[in-house]
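Asks: Show me how the following folds:
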Amino acid sequence: MAHNLLVYFQYKKDKILNYLFVILIVSLFSGITGAYWDITYHALNEVDDFFQPAHLIIYSSLFLVFLIGVIITIICPKNFLFAVIPACQLLSGYFDLLWHDNFGFDSFLSPPHVMLSFI
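Replies: Residues are numbered from 1 along each chain as shown. All right, here's what the predicted structure looks like:
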């Protein structure tokens, strides 16, 4: 009886992880789409605000990836990088906001942009 219960819970855990990974991948693709939109937006428009639509898509998808990473880390602690990497990207996004508030808008080679692209 106990063996059947363990097999059942392992099956449920694997099924939940599969759903989480699908949501994670969809969210990552929406963030990548937002990044391409951001590049196009910066090329075509004068940027006057950090909270423009492309940035909101990027950071919303990163936040969703972070939340899913925390859930995955709770279920499988050895996969902690699923939470750590999006957290670092969110922190570098906040650093980008502080950078633009202090130094204005600059090229894509500012320290926060370089940090965002290498994480």
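Asks: And the helices in this structure, which stretches?
Replies: Here the chain has its helices, by DSSP state H, at 2-44, 53-75, 81-103, 111-118.
Asks: Least reliable of the ones you listed by average pLDDT, please.
Replies: Lowest mean pLDDT of these: helix 111-118, a mean of 75.
Asks: Quick one: list the elements packing against that one.
Replies: With contacts taken as 3 or more Cβ pairs under 8 Å, 6 or more residues apart in numbering; DSSP states H and E, helix 111-118 sits against helix 81-103. Heads up, the C-betas are built off the backbone N, CA and C, glycines and all.
Asks: what residues does the helix it packs on touch?
Replies: With contact meaning Cβ atoms under 8 Å, 6 or more residues apart in numbering, helix 81-103 is reached by 24, 50, 58-59, 62-63, 65-66, 68-70, 72-73, 106, 110-113, 115-116, 119.
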